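Visitor: sequence-free structure coming up:
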């Protein structure tokens with residue numbers, strides 16, 4: 001078991017991007033409710049199944065396992081709720097931590113979020129200039145909720 005401790009932020013601009021290479025992902029959810037999610041993510045030739053427990057402020061239980069790539073694709077397109085989440089992820093190391101910036105596509109076009117996973121809840125972080133409003137506590141920004149209420153519908 002792994003305890004996930006992360007903070008989510010909106011991104012103000014693309015000054016962070018520079019010469020970074022992103023990885024395109026598709027992810028789909030088989031189960032989404034307030035107490036748990038089960039998803040499959042496919043990208044960079046690999047597939048993973050991920051199970052998360054109920055979020056408690058910044059923390060929640062998380063289990064993730066690699067599965068055969070072809071199984072991930074089959075699950076995405078035959079079992080997962082639609083629409084799928086489509087995004088490109090970029091990583092920016094910062095000391096012992098790493099910022100992950102997701103540029104969303106398709107139903108969630110226009111949404112750019114940054115996440116940082118912490119080792120413990122009060123771990124100090126340096127917030128770069130390109131990082132905007134914190135949305136950790138706003139459930140609309142959970143990827144599982146973006147399936148049910150895509151960003152394009154928020155306007």
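Guide: Okay, I see it. As the structure is a computational prediction, the values presented were derived from the model and not from experiment. Numbering: from 1, shown residues only.

Visitor: distance from stretch 140-151 to the middle of the chain?
Guide: Once both centres are worked out by C-alpha atoms, centre = their mean, to the nearest Å, stretch 140-151 turns out to sit 11 Å from its chain's centre.

Visitor: quick check: end-to-end length of it?
Guide: Taking C-alpha to C-alpha, to the nearest Å, the first and last residues of stretch 140-151 lie 9 Å apart.

Visitor: tell me which residues of that stretch are tucked away?
Guide: Across stretch 140-151, burial judged by 16 or more other C-beta atoms under 10 Å covers 141-144, 146-147, 150-151. Bear in mind the C-beta positions are built from the backbone N, C-alpha and C, glycine included.

Visitor: tell me how far the top helix by length along the chain lies from the chain's centre.
Guide: Counting residues, the longest helix found in the chain (DSSP state H) is helix 69-78. Relative to the mean C-alpha coordinate of its chain, helix 69-78 is positioned 19 Å out (C-alpha atoms, centre = their mean).

Visitor: need the max-distance pair from the buried residues of stretch 140-151.
Guide: The two members of the buried residues of stretch 140-151 with the most space between them (C-beta to C-beta) are 144 and 151, at 13.5 Å.
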